[in-house]
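Visitor: Dropping a prediction and its sequence here:
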Amino acid sequence: MSIMLDLDLAADLRGAHDRGEIVLNYQPEIDLASGAVVGMEALMRWAHPRRGLLAPDAFLEVAHKAGLLLPLSTWVLEQCAQERARWAQLPVHPTVGRCQLWVNVAAVQLASEGFVESVRDLFERYALPERGLGLEFSESTLGDVGASAAPLLLQLREAGCALAVDDFGTWYSSLARFEDMPVDAVKLDRRFVRGLGVDLDEDSIVASVVRLAHARDLYVVAEGVESWTEGARLCELGCDRAHGFLFCGPQSATRARSMLARGGGWTPQSPESLIRAAGEAPETFARSAGRLPRQ
């Protein structure tokens, strides 16, 4: 990407959310044991008037260099707090009250002055349930923040947030590094999911992460699950939750609320039946009754 193009994108990005160009989609997080939708992950997109729909990778670095990442991230967090508050108006379902809406937080946001107070204000202003809003931090983000990360996370947990380490395995740290941090979950990077059931090295890595996470009372979420083989192996290895196109792609806020109101996700099956299904190579879970629509 050229400097001129960076400048063009930066200029276009200013005020993009005020013009309604920044949109949020929500990808369901599925409990592999019960089949329930137990959470949603907020995904940001930029509906650029000339370049079309842009994923975060196409503009977040530009936003950071232009000094726009912090106000953009603050706006996203506010929108997600509003969305989580709307869930309280959904028809009562056993899973809805426990559902978490996950939001990714950048280092510049976590380290910004008054961040914890702003999060505490969101919980109070929108009457959010405890652990109803979840914040995700990549390993590199926590590394960038340094020694102040642990006390910051503790304050955020006390404010009511659920906390997760996102894209786990993409940096140099290990689960032992998070032993003293008050996190609830580890989100396993999709690159470790891709070879499951085929690559024994990937199987052993995932098995180790699941075992060590459970020993620390953390649950594990597999990201980017796309095949029946991956889903079957994750069940066998004891992974707790997953998201990906195998279950459902990102949804509009309206469709996401509809899924939460129904409560159910995919029909849970034993690892053995999933392995048999994997051999049949179906296109998607969506063809079976009771499973999520793929979009």
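Guide: Nice, I can see it.
Visitor: So, low pLDDT: which residues of the stretch 51-200 of the chain?
Guide: 92-97, 169-178, 199 (pLDDT under 70).
Visitor: go with 90
Guide: Applying pLDDT under 90 to the stretch 51-200 of the chain flags residues 51-68, 88-99, 107, 111, 138-150, 166-182, 189-200.
Visitor: Show me where it has its helices.
Guide: For the stretch 51-200 of the chain, the helices defined by DSSP state H, counting those that start in this stretch cover 60-65, 69-86, 107-110, 115-125, 139-145, 149-159, 190-193, 200-215.
Visitor: These: which one's closest to residue 262?
Guide: Closest of those to residue 262 is helix 69-86, at 15.9 Å (criterion: C-beta to C-beta). For glycine as for every other residue, the C-beta is placed from the backbone atoms N, C-alpha and C.
Visitor: Using CSV, list the CA coordinates for the strand ranked longest in the chain.
Guide: Across the chain, the longest stretch assigned as strand under DSSP state E is strand 37-48. Taking C-alpha atoms only, strand 37-48 is exported to CSV below (Å, rounded to 0.1, in the frame of the first residue of the first chain):
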residue,chain,number,x,y,z
VAL,A,37,-25.4,-19.9,21.1
VAL,A,38,-23.5,-18.7,24.2
GLY,A,39,-22.0,-15.5,22.8
MET,A,40,-21.4,-13.3,19.8
GLU,A,41,-18.2,-11.7,18.6
ALA,A,42,-18.4,-8.2,17.2
LEU,A,43,-16.7,-7.8,13.8
MET,A,44,-16.1,-4.3,12.3
ARG,A,45,-16.5,-3.6,8.6
TRP,A,46,-16.1,-0.4,6.7
ALA,A,47,-18.6,0.1,3.8
HIS,A,48,-16.3,2.3,1.8
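Visitor: most centrally placed residue in the protein?
Guide: residue 41 (3.9 Å; C-alpha atoms, centre = their mean).
Visitor: so who does that residue touch?
Guide: Counting by C-beta atoms under 8 Å, 6 or more residues apart in numbering, residue 41 makes contact with 26-27, 29, 101-102, 136, 243.
Visitor: Return the member of those nearest to residue 252.
Guide: Nearest to residue 252 among the contacts of residue 41 is residue 26, at 7.7 Å by C-beta to C-beta.
Visitor: ok, now which ones touch that closest one?
Guide: Applying C-beta under 8 Å, 6+ apart to residue 26 gives the contacts 40-43, 83, 101, 250-253, 256.
Visitor: ok so, going back, using a markdown table, please lay out the helices of the stretch 51-200 of the chain together with mean neighbour count and distance to residue 52.
Guide: A markdown table is the format used below for the helices of the stretch 51-200 of the chain (neighbours: other C-beta atoms under 10 Å; distance: least, C-beta to C-beta, whole Å):
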| stretch | mean neighbour count | distance to residue 52 |
| --- | --- | --- |
| helix 60-65 | 18 | 16 |
| helix 69-86 | 18 | 19 |
| helix 107-110 | 20 | 27 |
| helix 115-125 | 17 | 31 |
| helix 139-145 | 18 | 28 |
| helix 149-159 | 17 | 35 |
| helix 190-193 | 19 | 24 |
| helix 200-215 | 16 | 34 |
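Visitor: Need those helices in CSV (columns: distance to residue 22).
Guide: Shown next, in CSV, are the helices of the stretch 51-200 of the chain (distance: least, C-beta to C-beta, whole Å):
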stretch, distance to residue 22
helix 60-65, 10
helix 69-86, 7
helix 107-110, 15
helix 115-125, 18
helix 139-145, 21
helix 149-159, 24
helix 190-193, 24
helix 200-215, 33
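Visitor: nearest to residue 180, of these?
Guide: helix 149-159 (6.0 Å).
Visitor: Which elements pack onto that closest one?
Guide: On a contact count with 3 or more C-beta pairs under 8 Å, 6 or more residues apart in numbering; DSSP states H and E, helix 149-159 meets helix 115-125, strand 133-138, strand 162-168.
Visitor: Output the ones you listed in a markdown table; the columns should cover distance to residue 106.
Guide: Shown next, in a markdown table, are the helices and strands packed on helix 149-159 (distance: least, C-beta to C-beta, whole Å):
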| stretch | distance to residue 106 |
| --- | --- |
| helix 115-125 | 11 |
| strand 133-138 | 9 |
| strand 162-168 | 11 |
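Visitor: which residues touch the nearest residue to residue 142 once chain neighbours are set aside?
Guide: Spatial nearest neighbour of residue 142, excluding adjacent residues (C-beta to C-beta, 6 or more residues apart in numbering): residue 149 at 4.6 Å. By C-beta under 8 Å, 6+ apart, the contact set of residue 149 is 110, 137, 142, 181.
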